[in-house]
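1. Everything below, folded, please.
(one chain, ligands or ions: 2)
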Amino acid sequence: MRQIGIGIAGLGTVGAGVYKHVAQNRALLCERLGVELVVRRAIVRDVHKPRVAGPPAAELTTRWQDLIDDPDVQIVVELMGGIDESLALIRAAINAGKIVVTGNKALLAEHGQEIFALAAHKKVPVFFEASTAGGIPIIKTIREALVANHIVSIHGIINGTSNYILTRMTDAGLDFAEALAEAQAHGYAEADPTFDINGWDAAHKAIILASLAYGFWVGTDKIFVEGIDKLTATDIRFADELGYRVKLLAIIKADASLPDGGAGNSGGIEVRVHPTLIPKTHVLASVSGVFNAVAVRGDVVGETLFYGRGAGQDPTASAVISDLAEAAIALGGQHRTYGFTPHGLYGTCKPLEDVRSRYYLRLAVDDRPGVLAQVAGIVGQHDIGISSVVQPETHDAADRAQLVFMLAEASERQMQAALADILQLACVTPPPALLRVESFS
Ligand code: NAP
Ligand code: HSE
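-> Ligands and ions are numbered 1, 2, ... in the order given. Sure thing, here's the model as predicted:
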């Protein structure tokens with residue numbers, strides 16, 4: 001059987017999983033692909049490190065140039081993480097005509113436009129299924145299975161680590177540090193978990209999904225990002241009492257206010273990632289632990305939902321190997337795709353201030369007559385409706401009362417202006433807790 005040579009850059013959580021499963025499922029892959037995938041070389045930082053899975057020591061190297069120079073390596077799999085070295089490797093691989101497979105969402109979010117332009121220029125495919133939602137085949141779904149659709153919206157829980165942390169804090173009462181340590185031990189977190197926690201890992205994935213869905217590369221400066229790092233147990237509890245689960249949600253929407261309901265070709269696209277109150281009755285509220293879920297609405301297909309493990313060795317290896325299969329097919333004949341095809345149907349991001357949402361607002365206030373009226377008055381002056389107000393009788397540690405408002409839909413501009421005025425009140429003690437509520441309408 002014809003062999004296809006693979007060079008893997010990185011034998012950590014994901015790289016070792018790819019090596020292990022390509023070997024374990026060799027016969028199945030041979031049957032399905034009609035070629036044999038053979039890992040010829042692997043790049044690591046430390047060749048002496050003990051490894052559970054990987055090629056023989058003689059095939060390990062610390063120089064990524066060795067993958068480029070090896071004529072028997074036809075596919076380069078970048079699983080090192082980081083930006084500079086990975087970008088240099090991918091550029092060199094494309095220039096050398098080697099197909100690239102990567103799971104590096106941070107790199108794609110920052111440099112995707114350049115990488116795919118080079119890939120198209122050199123006619124070398126770049127595949128990236130593992131970059132978003134772990135084992136869920138969401139990239140191929142949007143690019144291929146939903147090709148008939150204008151994408152109206154995408155709602156995704158797409159960071160396994162933060163969802164795992166929120167679940168363990170809510171259901172098992174763990175504190176943040178304990179829950180993060182568990183996620184790291186399971187191999188879910190990034191080498192540096194900062195981006196998992198501050199929302200940017202999910203934001204990188206949202207950029208990839210939005211760019212694929214709408215055909216222009218979305219800039220990192222065009223999206224709103226807030227992580228779970230400022231979320232407090234108090235707000236998770238209040239949300240629970242009000243009938244909501246708090247999830248780190250990526251929201252990508254075409255402008256529904258357009259005459260064509262956002263399904264046409266002229267609207268602004270909103271892309272945001274933030275802790276979000278989701279009604280407990282909505283299916284996304286029950287996505288727990290490391291699981292991810294992505295709800296995609298298309299103008300032809302309607303609602304679709306994709307669910308699976310969003311991080312960790314095995315699900316991510318499954319996604320990488322699906323790209324190896326696609327690469328093997330591409331090597332066998334016509335290149336069907338270069339990974340990302342720009343088109344000009346949408347072209348702009350909606351200004352963040354124009355994004356509309358409902359809001360949960362919790363304020364620590366002095367417990368005296370007139371305070372509620374002052375806050376409600378400001379909210380009203382900014383033309384924001386109040387859906388409900390709760391003031392539990394218990395006070396916080398500093399003896400302040402808690403006012404919890406559920407606010408009607410308003411623009412980010414209105415809400416931020418109202419909040420700025422509220423914080424001028426002497427009776428309000430910062431910081432406020434402002435969370436967005438998704439109604440999925
Ligand atoms: P990891 O466990 O930290 O492994 C990184 C691997 O790359 C290690 O084998 C390391 O070598 C090697 N490496 C790093 N920098 C290198 C350099 N400059 N030169 C040579 N080798 C280098 O990372 P991971 O969790 O497998 O993640 C890898 C990539 O997949 C990242 O882009 C990540 O965002 C993405 N990803 C991860 C997951 C997940 O669940 N973990 C899921 C989807 C996507 P040593 O072994 O010698 O240290
Ligand atoms: N750190 C990422 C997460 C890995 O937790 O979702 C999968 O991309």
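2. rest of the way, CA atoms for contacts and neighbours
-> Will do.
3. Without its sequence neighbours, what residue ends up closest to Val375?
-> Once flanking residues are discounted, Val375 sits nearest to Ile422: 6.2 Å by C-alpha to C-alpha, 6 or more residues apart in numbering.
4. What's the per-residue pLDDT of the one you found here?
-> Note on Ile422: pLDDT of 98.
5. where's it relative to Val365, distance?
-> 11 Å (C-alpha to C-alpha, to the nearest Å).
6. Also Gly308?
-> According to C-alpha to C-alpha, Gly308 and Val365 sit 42 Å apart.
7. before we move on, the earlier item: what is the burial count for the residue nearest to Val375?
-> 22 (other C-alpha atoms under 10 Å).
8. thought it was touching Ile378?
-> Yes. Checked against C-alpha atoms under 8 Å, the pair Ile422 and Ile378 is within contact range at 6.7 Å.
9. Of Gly308 and Val365, give the one with the bigger neighbour count.
-> Remark: of Gly308 and Val365, Val365 carries more neighbours, 23 against 17, as counted by other C-alpha under 10 Å.
10. what's near enough to touch the closest residue in space to the more buried one that isn't next to it in sequence?
-> Nearest non-adjacent residue to Val365, counting by C-alpha to C-alpha, 6+ apart: Val428, 4.5 Å away. Contact analysis of Val428 by C-alpha atoms under 8 Å, 6 or more residues apart in numbering lists 363-366, 422.
11. Take those residues and keep only those in helices.
-> Of these, the ones assigned to helices by DSSP state H are Ile422.
12. Looking at the contacts of Val428, which two lie furthest apart in space?
-> Spanning the widest gap among these are Asp366 and Ile422, at 13.2 Å by C-alpha to C-alpha.
13. right, is the longest helix along the chain up against ligand 2?
-> Ranked by residue count and defined by DSSP H, the top helix of the chain is helix 313-332. No. Using C-alpha under 6 Å from any ligand atom, helix 313-332 never reaches ligand 2; the gap is at least 7.5 Å.
14. ok, that helix near ligand 1 or not?
-> Yes. Counting by C-alpha under 6 Å from any ligand atom, ligand 1 has neighbours in helix 313-332: 313, 316.
15. Pull up the pairing partners for the helix or strand that that helix is followed by, direction included.
-> Where DSSP states H and E defines the elements, the next helix or strand beyond helix 313-332 is strand 348-349. When sheet partners are counted by DSSP bridges, strand 348-349 sits next to strand 268-279 (parallel).
16. For the helix or strand containing Ala23, buried residues please.
-> Using DSSP H and E, Ala23 falls within helix 13-24. Buried residues in helix 13-24, counted by 16 or more other C-alpha atoms under 10 Å: 13-23.
17. Let me see the mean pLDDT of that helix.
-> 96.
18. Might you report the residue contacts of the closest residue in space to Ala189 that isn't next to it in sequence?
-> Nearest non-adjacent residue to Ala189, counting by C-alpha to C-alpha, 6+ apart: Thr161, 5.6 Å away. Residues in contact with Thr161 (C-alpha under 8 Å, 6+ apart) are 180, 183, 188-189, 196-197, 289-290, 311.
19. now Leu11
-> 42-44, 54, 79-80.
20. Report the separation between it and ligand 2.
-> 15 Å (C-alpha to the nearest ligand atom, to the nearest Å).
21. Next, give phi and psi for that residue.
-> Backbone geometry at Leu11, expressed as degrees, to the nearest 10, gives phi -120, psi 40.
22. how near is it to Gly377?
-> For Leu11, the distance to Gly377 (C-alpha to C-alpha) stands at 59 Å.
23. residue ranges for the strands of the stretch 301-441 of the chain, please.
-> 302-309, 348-349, 356-365, 386-390, 401-411, 428-437 (DSSP state E, counting those that start in this stretch).
24. between those strands, which gets nearest to ligand 2?
-> strand 302-309 (9.0 Å; C-alpha to the nearest ligand atom).
25. domains for this protein, by residue range?
-> 3-138+315-330, 139-309, 353-437 (automatic domain parsing).
26. which stretch among those comes nearest Tyr346?
-> In this view, those are compared for proximity to Tyr346 by C-alpha to C-alpha, and domain 139-309 is the closest at 5.4 Å.
27. mind showing which ranges of the stretch 251-400 of the chain have poor pLDDT?
-> The model of the stretch 251-400 of the chain has pLDDT under 70 over residues 256-267, 333-339, 341, 343-345.
28. Tell me the buried residues in the helix or strand that contains Ala177?
-> Here Ala177 sits within helix 176-185, counting by DSSP H and E. Residues of helix 176-185 classed as buried by neighbour count (16+ other C-alpha under 10 Å): 176, 179-180, 182-184.
29. okay, those in JSON lines with distance to Cys349 and pLDDT next?
-> Output for the buried residues of helix 176-185, formatted as JSON lines (distance: C-alpha to C-alpha, whole Å; pLDDT from 0 to 100):
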{"residue": "Phe176", "distance to Cys349": "34", "pLDDT": "91"}
{"residue": "Ala179", "distance to Cys349": "35", "pLDDT": "94"}
{"residue": "Leu180", "distance to Cys349": "33", "pLDDT": "96"}
{"residue": "Glu182", "distance to Cys349": "37", "pLDDT": "97"}
{"residue": "Ala183", "distance to Cys349": "33", "pLDDT": "97"}
{"residue": "Gln184", "distance to Cys349": "34", "pLDDT": "97"}
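30. Now the residue lying farthest from the centre of the chain: phi and psi?
-> Centroid-distance maximum for the chain: Pro369 at 44.8 Å, with C-alpha atoms, centre = their mean. The phi/psi pair for Pro369 (degrees, to the nearest 10) reads phi -60, psi 140.
31. so what's the closest residue to Gly298 other than its chain neighbours up against?
-> Spatial nearest neighbour of Gly298, excluding adjacent residues (C-alpha to C-alpha, 6+ apart): Ile151 at 4.5 Å. Contacts for Ile151 were tallied using C-alpha under 8 Å, 6+ apart; they are 213-214, 254, 263, 296-299.
32. same deal with Ser388?
-> 405-407.
33. at 6 Å what do you get?
-> Neighbouring residues of Ser388 by C-alpha atoms under 6 Å, 6 or more residues apart in numbering: 405-406.
34. any idea how far it is from ligand 1?
-> Counting by C-alpha to the nearest ligand atom - Ser388 and ligand 1 are separated by 40 Å.
35. for Val218, same thing?
-> Per C-alpha to the nearest ligand atom, Val218 is found 19 Å from ligand 1.
36. Three-state assignment for that residue, please.
-> coil (DSSP: H, G, I helix; E, B strand; the rest coil).
37. Now for it: which residues touch it?
-> By C-alpha under 6 Å, 6+ apart, the neighbours of Val218 are 207, 211.
38. Wait, Lys280 touches Lys247, no?
-> No. The pair Lys280 / Lys247 is not scored as a contact, 10.9 Å apart, by C-alpha atoms under 6 Å.
39. contacting residues around stretch 270-282?
-> 203, 223-227, 243-253, 285, 349-350, 436-438.
40. how distant is stretch 35-43 from the center of its chain?
-> In terms of C-alpha atoms, centre = their mean, to the nearest Å, the centre of stretch 35-43 is found 29 Å from the chain centre.
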